[in-house]
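Novice: Structure of the sequence below:
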Amino acid sequence: MNLKVVSAFATAIALSITIGSVSVNNAFACTSDGKSGFAPENNLSIPVDSFNAGPMTESEFNGIIAKAVNYYIPVFAAQGRKYTMIANWKDSTVNAFANRSGSDSEVHMFGGLARHPKMTPDGFMLVICHETGHHLGGAPKNHSFFGIGNWASNEGEADYYATLKCSREMWKNEDNAAVVAHMPLPRSVISGCQKSFDKAPDVALCERAVMAGKDLGDTLADMGKTAETDFDHPDTHVVTKMFDAHPDAQCRLDTYLAGAVCAKASTDPLSDKDARVGTCAQEVGEVVGIRPRCWYKLQVGDGSSSGSMWPKSLR
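Specialist: The predicted structure follows:
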């Protein structure tokens, strides 16, 4: 059975329906072989008829997916690739993952994650953005065991891409001021977005993305049985090497916030080699919207992993 979605180009797109659940393994960090997901390894299952299911409906699930598919089909086509969304509302898996098969760039979404009681429609869109970010997020990439380049952006970068690029494109034509008007926006979020953007629509879009990140942070914290995330208590851990696997929930919220307040345009291209391109980078002296050090190791030289053009204080 296939779910049909009509693209903006009047093309009928079949979203393959996958039966069964996915076994995830944190070692592979959400990509390549589909053994890991947006969230760390878990055995959670939320069937359609579960009394633990949240309020998201199948119609919302399909609509959010269709919006992403309509936008990203031409983006991937311009790169000679096919954006394939494989979605199954009935699947109870509480996760999502990205995969690459030939010329297909796949995103796999499951109803179980959509039904998590802390998941929201905006949070779910951000998950799609995260998985798409594995394909388009650029450097830093997942580490390869054999030293060969990996196609997938690592977990933290996929989170950063979600609010820096993707969510802005998904919601740029919506009345974001009306959306956030009903949200309990912390003063720090309002202040942060106002400092980064001058125009009211851009501020509202920033606020919406940050709060979607909070929804996901709290969803991840609930899944991991840890405390809820907090804008006022960022993760203070500083990594000594790039951390490719799933950061803690608080670190991920910090990343969503950073992407949202980075004032670089959503249309600025990213680089598969240089993590500074198209982003807010501490390596070049920027302080707002930079990737959190709880997963990101500052790059040196050519922006990859060697060289010494940056001061030691920034390494």
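Novice: separation between the closest residue in space to Q282 that isn't next to it in sequence and N142?
Specialist: If the residues on either side of it in the chain are set aside, Q282 comes closest to I290, at 4.4 Å by Cβ to Cβ, 6 or more residues apart in numbering. Where you see a C-beta, it was placed from the backbone N, CA and C, and this is true even at glycine. Taking Cβ to Cβ, to the nearest Å as the measure, I290 falls 21 Å from N142.
Novice: next one: T226
Specialist: When Cβ to Cβ is the yardstick, T226 and N142 sit 24 Å from each other.
Novice: Comparing those two, which residue is more hemmed in?
Specialist: The residue with more neighbours, out of T226 and N142, is N142; 22 against 12, by other Cβ atoms under 10 Å.
Novice: ok, for that one, nearest residue in space, not its chain neighbours?
Specialist: Skipping the residues right next to it in sequence, N142 comes nearest to N150 by Cβ to Cβ, 6+ apart, at 4.3 Å.
Novice: What confidence value was assigned to the one you found?
Specialist: In this model, N150 is scored at 85, pLDDT.
Novice: quick one: it is in a strand?
Specialist: No - inclusion of N150 in a strand is not indicated when DSSP: H, G, I helix; E, B strand; the rest coil is applied; the result is coil.
Novice: Backbone dihedrals for the residue nearest to T93 when sequence neighbours are not counted, please?
Specialist: With Cβ to Cβ, 6+ apart as the measure, F110 is the residue that lies nearest to T93, at 4.1 Å, once sequence neighbours are left out. Backbone geometry at F110, expressed as degrees, to the nearest 10, gives phi -130, psi 150.
Novice: do the one 5 residues further on as well
Specialist: With angles defined as degrees, to the nearest 10, R115 shows backbone torsions of phi -90, psi 0.
Novice: Check the contact between it and E58; I expect there is one.
Specialist: No - counting by Cβ atoms under 8 Å, R115 stays clear of E58, with 9.8 Å between them.
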